[in-house]
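>>> please find the sequence and the predicted model below.
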Amino acid sequence: MRSVPDVERRRRLARQHALAPAHRAADPVAATEAMTVLHATEAPSVYLSLWARVDGLTVADVDRALYDDRSLVKQLAMRRTLFVFPRDLLPAAWGSASARVATALRTRLAKEVVTAGIATDGDAWIEAAASATLARLRDGSELSAQQLRDQVPELAGRLDMSPGKSYGANVPIAPRVLTQLGVEGLIVRGRNGGHWRTARPQWTAMETWLEHRGGSVPEPLKEREGYAELVRRWLATFGPGTEADIVWWLGSTKSAVRAALADVAAVEVALEGGQVGWVLPGDLEIEPDLEPWAALLPVLDPTVMGWKERDFYLGALGPQLFDTNGNAGTTAWWDGRIVGCWVQDPDGVVVLNLLEDVGSDARAALAAEADRLTTWLAGHRVSTVYPSIAMKTALAP
């Protein structure tokens with residue numbers, strides 16, 4: 001069995017993830033394909049993940065791919081998370097990971113409708129609200145959640161979330177219906193109604209969105225085929241990885257992952273610590289050495305979030321860089337390892353918080369990346385709801 005030590009995994013990461021300068025991607029689509037998908041829970045992360053991988057990237061380049069060419073599309077999928085997908089990967093998600101999430105969300109929403117007293121038949125209410133929403137968007141309109149609530153009476157209603165708790169809230173049900181239709185691939189988050197650093201999606205019909213400029217809406221793949229394609233892409237991006245890594249990333253079952261590994265003819269390799277990893281057939285060449293590299297990645301970057309078992313690049317820094325729910329804050333990388341994080345000062349200048357002594361060469365390279373990112377952000381400050389302990393420490397007076 002081929003052995004892949006941690007140092008080689010870090011070299012592979014540099015190439016596969018388009019992070020080392022010699023391996024940067026040509027454009028936003030190529031960078032997204034390199035990563036399989038991009039995390040889009042926070043709007044700025046999409047832009048900053050691409051900035052780290054595409055030389056000379058502009059905000060307009062990302063907007064063009066998302067909203068004009070529509071070669072990149074936002075879709076709720078694995079682990080009930082919003083991602084940016086390369087357009088050709090959507091059918092795989094629709095037939096597998098997104099369908100799994102859609103089933104669970106619909107069941108929960110139907111119960112919430114009944115519990116809130118909105119209707120006695122939750123499933124029937126969802127169908128009526130969904131049909132009315134799709135009818136309103138059939139003409140190609142792009143509308144915010146508030147506009148849809150105002151124009152579609154069937155979306156009326158509110159839910160008491162966590163009643164009796166300090167964090168409880170009374171919220172409109174309309175966003176939940178829109179999320180349901182989105183995960184089912186019937187509507188899509190189209191153009192952003194705000195600045196690139198904020199998320200104010202304009203919802204529109206998926207059919208209209210994808211048929212722009214003569215395109216078409218493909219049929220979802222069958223479940224097993226969809227999972228196989230997602231796993232194939234994951235292995236191309238993150239391999240070698242363990243079965244546990246793939247189960248976690250995919251948000252699916254061991255049986256589905258094992259079937260997918262068999263379907264793509266994945267090959268076993270030996271990892272440090274005695275674990276078994278998986279790679280695609282033909283991906284067994286020894287990874288050549290490369291010059292040390294520095295990178296600054298945003299909150300929830302796909303490189304940081306790609307594996308469940310992260311010791312080979314994270315070491316013991318996890319508690320300082322992830323919150324208690326497993327969400328990653330910003331990260332600073334040196335030669336394939338996370339060595340700290342970054343924040344912005346009140347003037348928008350990028351400031352490093354290194355958590356270990358990396359040496360003068362690494363400090364200089366990371367400082368150069370911080371200067372480059374400061375220039376690119378041009379004074380715009382990026383906020384997050386997922387600050388890590390290390391980020392909070394860096395921001396403390």
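Alright, I've got the coordinates.

>>> so what's residue 194 scoring on pLDDT?
On pLDDT, residue 194 comes in at 91.

>>> my guess is it meets residue 200, correct?
Yes - Residue 194 lies in contact with residue 200 (C-beta atoms under 8 Å); the separation is 3.9 Å. Any C-beta I mention is one placed from the backbone N, CA and C, and that applies to glycine too.

>>> those two - which one has more neighbours?
A side-by-side neighbour count of residue 194 and residue 200, using other C-beta atoms under 10 Å, places residue 200 first with 14 against 10.

>>> so what pLDDT did the more buried one get?
Model confidence at residue 200, given as pLDDT, is 94.

>>> the one 5 residues further on too?
Note on residue 205: pLDDT of 98.

>>> try residue 88
On the pLDDT scale, residue 88 gets 97.

>>> can you pull out the helices in the stretch 201-350 of the chain?
206-210, 223-238, 243-250, 254-263, 302-305, 311-314, 318-321 (DSSP state H, counting those that start in this stretch).

>>> could I get those in TSV, plus columns for mean neighbour count?
Formatted as TSV, the helices of the stretch 201-350 of the chain follow (neighbours: other C-beta atoms under 10 Å):
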stretch	mean neighbour count
helix 206-210	20
helix 223-238	22
helix 243-250	20
helix 254-263	17
helix 302-305	23
helix 311-314	17
helix 318-321	16
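
>>> so can I have CSV of those helices showing distance to residue 105?
Formatted as CSV, the helices of the stretch 201-350 of the chain follow (distance: least, C-beta to C-beta, whole Å):
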stretch, distance to residue 105
helix 206-210, 17
helix 223-238, 17
helix 243-250, 17
helix 254-263, 18
helix 302-305, 21
helix 311-314, 31
helix 318-321, 29
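
>>> residue 327 is nearest to which of those?
Nearest to residue 327, of all the helices of the stretch 201-350 of the chain, is helix 302-305, at 8.3 Å by C-beta to C-beta.

>>> run through who's touching the closest one.
Taking contacts as C-beta atoms under 8 Å, 6 or more residues apart in numbering, the residues outside helix 302-305 that touch it are 13, 17, 19, 35-39, 49, 237, 297, 310, 328, 331, 338.

>>> restricted to strands, list the residues you listed.
Counting by DSSP state E, the contacts of helix 302-305 place 38-39, 297, 331, 338 in strands.

>>> looking at the residues you listed, spot the one nearest residue 256.
Proximity of these to residue 256, judged by C-beta to C-beta, is greatest for residue 39, which lies at 21.6 Å.

>>> so what's the residue lying closest to that closest one once chain neighbours are set aside scoring on pLDDT?
Closest residue to residue 39 apart from its sequence neighbours, by C-beta to C-beta, 6 or more residues apart in numbering: residue 300 at 4.2 Å. Turning to residue 300, the model gives it a pLDDT of 98.

>>> swap in residue 396?
Reading off the model, residue 396 has pLDDT 89.

>>> quick one: it and residue 377, what's the gap?
Relative to residue 377, residue 396 is positioned 21 Å away (criterion: C-beta to C-beta, to the nearest Å).

>>> could you do residue 8 as well?
Counting by C-beta to C-beta, the separation of residue 8 from residue 377 is 34 Å.

>>> now residue 231
From residue 231 to residue 377 the distance is 36 Å (C-beta to C-beta).

>>> again, but for residue 284
In this view, residue 284 and residue 377 are 41 Å apart by C-beta to C-beta.
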